[in-house]
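Colleague: A structural model of the following input is requested.
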Amino acid sequence: MTHPGQFSILKKTLSLPGWQALSLSGGWVLNYHEKLKVFSLPERGLLLLGLAWQVLPEKASPELELKALSESTQGPITLEALMALEESWCGRYVLISGGHVFTDACALLPVFHSPAGIASDLQLLAEASGLEAKIYEPGRVMNWMPGPMTPYREITRVMPDQIYCFDTGETLARPLVSASCPKASDDAERVRLFTELFAGSLRNMRDQLPGRKLLLALTGGYDSRAVFALAKYAGLEFEAFTLEYDGIYADDVTLPKELCRLTEIEHRYIPRDHSRYSAALEDEYLRHTAGLIRDADRLSYAHGQYQELTGDGSQAALLRGSIWETAVDFYGRSFDPSGPKADFYDWFCVPEKSREKQSLDQYFDWQRQHPQPGLSPCDRFYWEQRAACWMSPIEAGFDLLENAVSVQPLNCRLLISILLDFPFSERVTKEHQAKIIRYACPAIAEVPFGGKATVDETPLSVLLYKLSRLGYRIKTRGLGHTLSLYIGMLKKKLK
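Modeller: Prediction:
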């Protein structure tokens, strides 16, 4: 494995095809693949790894900000100064200062640590730690490995609300929500503020990706449509695409075409040809991601759909909208204001005495010890577990593509914080997103949002699906826990 787009900081230099090395203080060595962008101020112990750009129009690029901070600061640069800079950055990156490691907002370029050092690639760090490689097999409901633990007992994940120091092994807490989030006087002002900042951020992103064709992933739902509307508002030149998947929603087939027709944007629909499925490609994806996620993009890669999308040889950037649900109380039925409800583990089908339960227990202990003012336990869980632990291996999967990069343009603490400022009643229905879409792109304001009916759905298929889910719950949590869960759900409906 060549581990494209990844990095490690170890006490040794790695000999891998396409990799380079940079000596650091303390005997550490930064090893990185040539696809990974690296900015370094070695005299100050500053490293910026990956793609980062600025959101605020009055501020300079991350690289220029780091240079200015370095030149204007006498003595060590404080963690508080770096956090104040970084909260308005967007992208997929890791910031390092004096051995302290800061992740991007959702840790999409992840950091794993062990006594051997740190790395963005779990398998790479396992190998450097002398551990036998393993492919994780997640559950059906919680289809990712929850942090901070990993399948390896010796390796831990750095969460988005943490700063890790690889010199000392110390883990510190940090705020998730932006401390300098601008406050709007009302909803209309909030919509305008968010739209202008997001559009300006998209233009800065465009400058960071010169020569790349912008391809926007579009479905019938709210999230991708919000990115679509904001990209139109920003004046970007882009094309849209939809990849067919097994059991695709009917509206995911029809609505993207209508949105593109109304806005004169080119749209491409790539069907799934099962004859093109490659077990070797799926195995490559699972080994590259250590199996930390079992989701749709794995199969799109195994069927060659992304390769077909970018097969003309040009360099592309794939714009995706996978972070928006951080602000919509997505798992509201499983949380109350103080934390997870009693049936949380039943709902997510997490087996007792499993590594997943141990990791979640540790995560909720950290939550209780390090509260995040202004962020509900539910939205915090989505931010740190679903957006970070679930999404980061998906983003890593795109590193396998030779001529494309994936970009999540909402991956910024400041932008997420503005969304969390919308009234709760609007966020849970995604009305705040509908308002942003109407403001940014009135031409598509009247197009309905997609439903959950699949193209081949029948009453029998729905029944069989529900029965299979019931069987899985009984298998993982037992009959008693499953009955208790369903009785509780029934009582809630009858109230």
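Colleague: could you pull out the helices for the stretch 301-450 of the chain?
Modeller: 305-309, 344-347, 355-369, 377-381, 391-397, 413-420, 424-427, 431-440 (DSSP state H, counting those that start in this stretch).
Colleague: what sits up against the third one?
Modeller: When contacts are taken as Cβ atoms under 8 Å, 6 or more residues apart in numbering, the neighbours of helix 355-369 outside the stretch itself are 139, 142, 145-149, 151, 159, 339-340, 345, 350-351, 377, 380, 384-385. In this view, the C-beta of every residue, glycine as well, is placed from N, C-alpha and C.
Colleague: shaky segments in the protein?
Modeller: Residue ranges of the chain with pLDDT under 70: 457, 461-466, 470, 485-487, 489-495.
Colleague: try 80 this time
Modeller: The chain contains residues with pLDDT under 80 at 1, 455-495.
Colleague: so what's the spatially most central residue of it up against?
Modeller: Nearest residue to the geometric centre of the chain (Cα atoms, centre = their mean): M391, 3.8 Å. Counting by Cβ under 8 Å, 6+ apart, M391 makes contact with 106, 108, 322-323, 408.
Colleague: Then A250?
Modeller: Contacts of A250 by Cβ under 8 Å, 6+ apart are 450-451, 453-455, 457.
Colleague: Buried among those? Need that as a selection in ChimeraX.
Modeller: Only the buried entries of the contacts of A250 go into this ChimeraX selection, using 16 or more other Cβ atoms under 10 Å:
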select :450,454
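Colleague: buried sites along stretch 143-150?
Modeller: Buried residues in stretch 143-150, counted by 16+ other Cβ under 10 Å: 144-150.
Colleague: now stretch 294-311
Modeller: 294-295, 297-310.
Colleague: Pick out whichever of those sits closest to S40.
Modeller: T310 (29.8 Å; Cβ to Cβ).
Colleague: so how far is Y93 from R225?
Modeller: 27 Å (Cβ to Cβ, to the nearest Å).
Colleague: Next, the angle helix 413-420 makes with the longest helix anywhere in the chain.
Modeller: Assignment by DSSP state H gives helix 187-208 as the longest helix of the chain. Angle, helix 187-208 to helix 413-420, by axes from the mean of the first three to the mean of the last three Cα atoms, to 10 degrees: 150 degrees.
Colleague: Just give the closest residue to I323, not the sequence neighbours.
Modeller: Nearest residue to I323, sequence neighbours excluded (Cβ to Cβ, 6 or more residues apart in numbering): L410, at 4.2 Å.
Colleague: For that neighbour, what are phi and psi?
Modeller: Dihedral angles of L410 (phi, psi; degrees, to the nearest 10) stand at phi -100, psi 0.
Colleague: What about it, how many residues nearby?
Modeller: For L410, the neighbour count with other Cβ atoms under 10 Å is 24.
Colleague: my guess is it meets R320, correct?
Modeller: No. The pair L410 / R320 is not scored as a contact, 9.3 Å apart, by Cβ atoms under 8 Å.
Colleague: Contact partners for P148?
Modeller: With Cβ under 8 Å, 6+ apart, P148 has these contacts: 156-159, 162, 359, 362-363, 366.
Colleague: ok, the residue nearest to I323 to M159 distance?
Modeller: L410 sits 19 Å away from M159, taking Cβ to Cβ as the criterion.
Colleague: and what of Y245?
Modeller: 30 Å.
Colleague: Run through the helices of the stretch 51-200 of the chain in chain order.
Modeller: Going by DSSP H, counting those that start in this stretch, the stretch 51-200 of the chain shows helices at 62-72, 79-86, 122-128, 187-208.
Colleague: So which elements touch the third one?
Modeller: Packed against helix 122-128, as judged by 3 or more Cβ pairs under 8 Å, 6 or more residues apart in numbering; DSSP states H and E, are the following elements: strand 7-10, strand 112-114, strand 117-119.
Colleague: Mind listing the strands the longest one pairs with, and their directions?
Modeller: Listed by DSSP bridges, the sheet partners of strand 7-10 and their directions read strand 29-33 (antiparallel), strand 117-119 (antiparallel).
Colleague: Noted, bye for now.
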